[in-house]
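S.K.: need coordinates for the following:
(4 chains)
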2 protein chains.
Amino acid sequence: MKNNKDQITDILRNSHLSVTETRVKILELFMKSNGALEHSDFEKKLAGQAFDRVTIYRTLQAFIDKGIIHKIPTTDTSVQYALCKSECSPEHHHDHHVHFKCEECGNTLCLDDTDIPVIQLPKGYAAHNIEVVVSGVCKACK
Amino acid sequence: MKNNKDQITDILRNSHLSVTETRVKILELFMKSNGALEHSDFEKKLAGQAFDRVTIYRTLQAFIDKGIIHKIPTTDTSVQYALCKSECSPEHHHDHHVHFKCEECGNTLCLDDTDIPVIQLPKGYAAHNIEVVVSGVCKACK
DNA sequence: GTATTATTTGCAACAATGTTGCAAATAGTT
DNA sequence: AACTATTTGCAACATTGTTGCAAATAATAC
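M.R.: The predicted structure is shown next:
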């Protein structure tokens, strides 16, 4: 069984990204976290460790491009990011699972085992991707 | 049959909001538009007409508070707004319809007649609201 | 219609967030 | 260790969102 450090190196190598301190740190934070993270989380958690804002932006964008993380839609201006499962790739990047936002703790979770039902669209509409975000109270906060 | 101006006045009166030029203009734009609008749309469309950025922010927020419009989740930092149907109220503000984002024209539409299916969450999770955003190609762009 | 009161607006100033170019630093390769 | 490609940090800037307050406007009372 591989440890986290090796796992992270593999992820980066497989995506043809150099293994750098910032990227490793950010992936570690994703793995430690049990929910989605947003840009400001990284600024806070990495504060004092001299990681530039710009580097974080670019790192997250690179991870998106490579299919390592995905975005979760929100009704505000924040952008939530979560780790993709191994099935994801840059080309085929659909996350067919439900996202859950807890109104108590504010955490956003990927419910990987909850499938998205088929939605019958009106005639003339072609669906490529479906995003479902359920809000309510999570297991931990109940 | 009422004209738009009267309709708009009614909406504002019913929500206990003063009938002001900016609010009427913004509601007119919503009624004219067949899709969701974002803050920058108003700055552009009302440009040259001397409407302050701050006023637009406050107007949109007031409409949200009163249940006149609702937000639509996005994966970027933009915030999309669309008119609520009459059933909405400040207290009970669930929009049980699907949103559709067209990848061609960029427009976001409310599919009012498309119901959101029931989603079976894992044990321990309580759902209060469900947001569904489908992206693909709309009728007009096909 | 005019006066009074409550609400709304615009301005200024600021805070937060996101972007770009470029030189220095670091990682990967030979 | 030397070379090359990539990444980072800095500076500067653009965009977006917020707050306090005085002036303007709308609603209400007369």
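
S.K.: any idea of the mean pLDDT in the longest helix along chain A?
M.R.: Assignment by DSSP state H gives helix A:53-66 as the longest helix of chain A. Rounded to a whole number, the mean pLDDT of helix A:53-66 is 97.

S.K.: touching chain B at all, it?
M.R.: No - for helix A:53-66, no contact with chain B is found by C-beta under 8 Å from any C-beta of the partner chain; the gap never falls below 9.7 Å. Placement of C-beta: from N, CA and C, glycine included.

S.K.: who touches that helix?
M.R.: The list of residues contacting helix A:53-66 from outside it, by C-beta atoms under 8 Å, 6 or more residues apart in numbering or on different chains, reads A:15-17, A:22-23, A:26-27, A:39, A:42-43, A:46, A:69-71, A:81, A:90.

S.K.: near DNA strand D, from those residues?
M.R.: Filtering these for neighbours of DNA strand D using C-beta under 7 Å from any atom of the strand leaves A:L17, A:T22, A:R23.

S.K.: export those residues as TSV, with columns for neighbour count.
M.R.: Putting those into TSV (neighbours: other C-beta atoms under 10 Å in any protein chain shown) gives the following:
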residue	neighbour count
A:L17	16
A:T22	17
A:R23	22
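
S.K.: now intersect those with the helices, please.
M.R.: In this view, those that belong to helices under DSSP H are A:T22, A:R23.

S.K.: let's have the ones next to DNA strand D among the contacts of helix A:53-66 in CSV, adding pLDDT and distance to A:F100.
M.R.: Output for these, formatted as CSV (pLDDT from 0 to 100; distance: C-beta to C-beta, whole Å):
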residue, pLDDT, distance to A:F100
A:L17, 97, 29
A:T22, 96, 29
A:R23, 97, 27
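
S.K.: list just the nearest of the contacts of helix A:53-66 to DNA strand C.
M.R.: Ranking the contacts of helix A:53-66 by separation from DNA strand C, with C-beta to the nearest atom of the strand as the measure, puts A:H39 on top at 4.1 Å.

S.K.: and the closest one, how many neighbours does it have?
M.R.: Residues contacting A:H39 under the criterion other C-beta atoms under 10 Å in any protein chain shown number 16.

S.K.: could you tell me which residues of chain A lie near DNA strand C?
M.R.: Within reach of DNA strand C by C-beta under 7 Å from any atom of the strand, chain A has these residues: A:18-21, A:39-40, A:43, A:53-54, A:57-58, A:61, A:77-79.

S.K.: looking at those, state which has the most neighbours.
M.R.: Looking at those with neighbours defined as other C-beta under 10 Å, the largest count falls to A:V79 at 20 neighbours.

S.K.: how close does it get to B:V79?
M.R.: Note on A:V79: its distance to B:V79, by C-beta to C-beta, to the nearest Å, is 12 Å.

S.K.: next one: A:H97
M.R.: In this view, A:H97 and B:V79 are 24 Å apart by C-beta to C-beta.

S.K.: which stretches in chain A count as helices?
M.R.: According to DSSP H, chain A carries its helices in the segments A:4-14, A:21-32, A:39-45, A:53-66.

S.K.: nearest to A:C141, out of those?
M.R.: In terms of C-beta to C-beta, the element of the helices of chain A nearest to A:C141 is helix A:39-45, at 18.8 Å.

S.K.: which neighbouring elements make contact with the closest one?
M.R.: Where contact means 3 or more C-beta pairs under 8 Å, 6 or more residues apart in numbering or on different chains; DSSP states H and E, helix A:39-45 is packed against helix A:21-32, helix A:53-66.

S.K.: run through who's touching it.
M.R.: Counting by C-beta under 8 Å, 6+ apart, the neighbours of helix A:39-45 from elsewhere in the structure are A:I26, A:L29, A:S33, A:F51, A:R53, A:I56, A:Y57, A:L60, A:S78, A:V79.

S.K.: could you dump it to CSV, C-alpha only?
M.R.: As requested, the backbone C-alpha atoms of helix A:39-45 are provided in CSV (Å, rounded to 0.1, in the frame of the first residue of the first chain):
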residue,chain,number,x,y,z
HIS,A,39,-9.0,29.3,-3.3
SER,A,40,-9.1,31.1,0.0
ASP,A,41,-8.8,27.9,2.0
PHE,A,42,-5.4,27.4,0.4
GLU,A,43,-4.3,31.0,1.2
LYS,A,44,-5.3,30.4,4.8
LYS,A,45,-3.9,26.9,5.3
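
S.K.: ok, A:L109 touching A:A36?
M.R.: Yes - at 7.3 Å, A:L109 counts as touching A:A36 under the criterion of C-beta atoms under 8 Å.
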